[in-house]
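Novice: Next come a sequence and a model predicted from it.
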Amino acid sequence: MTSRTSRPSTIDVGELYQRHAAMVLRRVLRFFPRDEAEEIVHEVFIKVLEQIDGFRGEASPTTWLYRLTTNHCINRARDRGRRAELWREHGLWFTRTIHTDEQEAASFLSQFWRELDDETLAIGVHYFVDGLTHAEIARVHGCSRRTIGNRLDALRARAREFERDRVLEPKG
């Protein structure tokens with residue numbers, strides 16, 4: 001394994017796979033059932049091969065791989081229309097103060113999730129689904145804890161605004 005200061009092109013992808021495939025599999029299992037997970041792990045490492053030249057060494061290869069895996073899973077879930085299901089499984093935390101009815105909350109989340117950019121969505125998943133701390137999320141995203149706190153505050157405010165706009169829309 002190379003150090004953080006090594007040139008990205010010197011990263012041995014085979015060694016990265018041997019060392020971290022189990023970690024990637026655990027991460028994928030947070031999003032998908034086991035019968036799909038192994039295929040997704042291979043997809044992640046294909047992305048590693050495709051994007052290895054973009055690795056700048058600003059984070060450890062492990063952190064970069066964790067972020068790549070999370071983003072791949074989020075994009076795959078979005079592509080397959082699984083966002084609403086993930087929020088039903090993990091995200092009702094977010095609307096308990098807005099909705100008491102679980103079906104209503106799931107409907108809200110499935111619509112709201114589509115409104116988020118990838119980074120905000122990933123930060124929300126890391127915090128609310130994975131239970132990571134602000135510091136852990138900051139390391140994954142390469143920013144400060146304060147930035148993560150601000151992004152989460154903005155995410156909550158956006159959810160309240162989105163809900164207000166939904167309530168004000170005429171039912172047709």
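Specialist: Received it, and whenever you're ready, just let me know what you need.
Novice: Contacts only, for the spatially most central residue of the chain.
Specialist: Compute the mean C-alpha point of the chain, and by CA atoms, centre = their mean the closest residue is Ala122, 3.2 Å away. Counting by CB atoms under 8 Å, 6 or more residues apart in numbering, Ala122 makes contact with Arg67, Thr70, Asn71, Ile74, His141. No exception for glycine: its C-beta is placed from N, CA and C like everyone else's.
Novice: Tell me the spacing between Arg156 and Tyr127.
Specialist: Arg156 sits 11 Å away from Tyr127, taking CB to CB, to the nearest Å as the criterion.
Novice: Comparing the two, which residue is more hemmed in?
Specialist: Tyr127 (20 against 13; other CB atoms under 10 Å).
Novice: what's the pLDDT at the more buried one?
Specialist: Predicted confidence (pLDDT) for Tyr127: 82.
Novice: How about the one 10 residues further on?
Specialist: The per-residue pLDDT reported for Ile137 equals 90.
Novice: quick one: what helix or strand has it in it?
Specialist: In this structure, Ile137 sits in helix 134-141 according to DSSP states H and E.
Novice: picking up where we left off before, in the helix or strand harbouring the residue nearest to the centre of the chain, which residues are buried?
Specialist: For Ala122, the host element (DSSP H and E) is helix 118-124. Using 16 or more other CB atoms under 10 Å as the test for burial, helix 118-124 gives Leu121, Ala122, Ile123, Gly124.
Novice: any idea which of the contacts of Ala122 is closest to Arg151?
Specialist: His141 (8.7 Å; CB to CB).
Novice: hmm, back to that, pull up the gap between the residue nearest to the centre of the chain and Ile137, please.
Specialist: Distance from Ala122 to Ile137, by CB to CB: 9 Å.
Novice: what does Leu121 give?
Specialist: 13 Å.
Novice: So, low pLDDT: which residues of this structure?
Specialist: 1-10, 79-107, 109-110, 167-172 (pLDDT under 70).
Novice: What's the separation between Leu122 and His141?
Specialist: For the record, residue 122 is Ala, not Leu. 8 Å.
Novice: Show me the common contact partners of those two, please.
Specialist: By CB under 8 Å, 6+ apart, the residues touching both Ala122 and His141 are Arg67.
Novice: related to what we said a few turns ago, tabulate the buried residues of helix 118-124 (a markdown table), appending distance to Gly14.
Specialist: Output for the buried residues of helix 118-124, formatted as a markdown table (distance: CB to CB, whole Å):
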| residue | distance to Gly14 |
| --- | --- |
| Leu121 | 31 |
| Ala122 | 27 |
| Ile123 | 31 |
| Gly124 | 34 |
